[in-house]
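K.L.:
Need the 3D shape of this:
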Amino acid sequence: MHHFGRIMGPKRKLTFAHRLSPEVKQTKVISQKCKRGKRMSPGKSERSLKDSPEYDPQAGVSEITFTESDYSGPDFSVIELHKSVIKGYHAYKIRPPFTKQPTRLIVDREYTNIKDLNACLVWIPSLDQFPQNVHEMVTDTKRFIKLSDIADLPIGHVPRSLAGLFRSVLDEGGEIFAEATGEPVPSFPPWPAPNEEGGGVVLPASYFIYAKQNIKMVSSQLKNLLNALKEGSGMMVVLK
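P.N.:
Residues are numbered from 1 along each chain as shown. Coordinates of the predicted model:
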């Protein structure tokens, strides 16, 4: 006797990947791209938050006016660039962790960007750089993404106008870190409008530059760069 009806195939096994939310899947896609070398920055994984110079988030920030006397005066070890941004949140959609001690994000070169040879990515440190008790903290409540989902992933780019100088510092063996100082927002003046090229959604941020070459020369170069940029008027430099 023949039984007519739908022929049932083997039962499909529900894997972990099928249970992931679309948002977490997106972070996995970015992670796989990094592992395949499409966006990986060699040497990034060797950097450690524990080895980075100390930063006191309670320290006051005062605007510096650059003059020739600045370069013959007391030495400084770090150039802080405040009121800047991390570009590309609309593309990466990864919100960095906002911890009590501000998280130092890693800036490194994006070697495979053929459109911009100076491009620099901003990365979240690897999970082992965070205390164990924050590994499962939710970094994005709307999409329920946790720190363990996004650790060691890029979250955006350094503004193109700053990338050339930043890259030269990194090429000379220096280090640059970033700290997100606010929630993702549409690009605002003096940066390009959200619907313009270079606009989109950004993360307000500060950058911390530790140069291996003459740091006073780098600060002079940064001064000249900011003076020449439209968006330079909105940023603030502090020497420490």
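
K.L.:
From one end of stretch 111-124 to the other, what's the distance?
P.N.:
18 Å (CA to CA, to the nearest Å).

K.L.:
Check stretch 174-193 too.
P.N.:
Per CA to CA, the first residue of stretch 174-193 is 32 Å away from its last.

K.L.:
Once you drop chain neighbours, what's closest to Ile94?
P.N.:
Excluding the flanking residues, the one nearest Ile94 by CB to CB, 6 or more residues apart in numbering is Ile155, at 4.4 Å. No exception for glycine: its C-beta is placed from N, CA and C like everyone else's.

K.L.:
so who does that neighbour touch?
P.N.:
Applying CB atoms under 8 Å, 6 or more residues apart in numbering to Ile155 gives the contacts 86, 88-89, 92, 94-96, 105, 122-124, 203.

K.L.:
now the longest strand seen in the chain: mean pLDDT?
P.N.:
Ranked by residue count under DSSP state E, the longest strand found in the chain is strand 201-210. The average pLDDT within strand 201-210 is 97.

K.L.:
Can you tell me the strand partners of it and which way each runs?
P.N.:
strand 79-86 (antiparallel), strand 175-180 (antiparallel), strand 185-186 (antiparallel) (DSSP bridges).

K.L.:
Mind checking the ones you listed for the one nearest to Gly164?
P.N.:
Taking CB to CB as the criterion, strand 175-180 is the member of the strands paired with strand 201-210 that comes nearest to Gly164, at 12.8 Å.

K.L.:
could you give the mean pLDDT of the closest one?
P.N.:
Per-residue pLDDT values over strand 175-180 give a mean of 97.

K.L.:
Then stretch 97-107?
P.N.:
Stretch 97-107 comes out at a mean pLDDT of 93.

K.L.:
And for stretch 133-149?
P.N.:
Rounded mean pLDDT across stretch 133-149 is 94.

K.L.:
What is the burial count for Pro190?
P.N.:
11 (other CB atoms under 10 Å).

K.L.:
residues touching it, list them.
P.N.:
So Pro190 contacts 230-231, 233-234 (CB under 8 Å, 6+ apart).

K.L.:
List the ones among these that fall in helices.
P.N.:
Among the contacts of Pro190, no member is found in helices (DSSP state H).

K.L.:
could I get the residues you listed as a markdown table with distance to Lys100?
P.N.:
Formatted as a markdown table, the contacts of Pro190 follow (distance: CB to CB, whole Å):
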| residue | distance to Lys100 |
| --- | --- |
| Lys230 | 35 |
| Glu231 | 30 |
| Ser233 | 32 |
| Gly234 | 28 |
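
K.L.:
from these, which would you call buried?
P.N.:
Among these, the ones that count as buried by 16 or more other CB atoms under 10 Å are 231, 234.

K.L.:
Might you specify the subset of the contacts of Pro190 located within strands?
P.N.:
Per DSSP E, these never map to strands.
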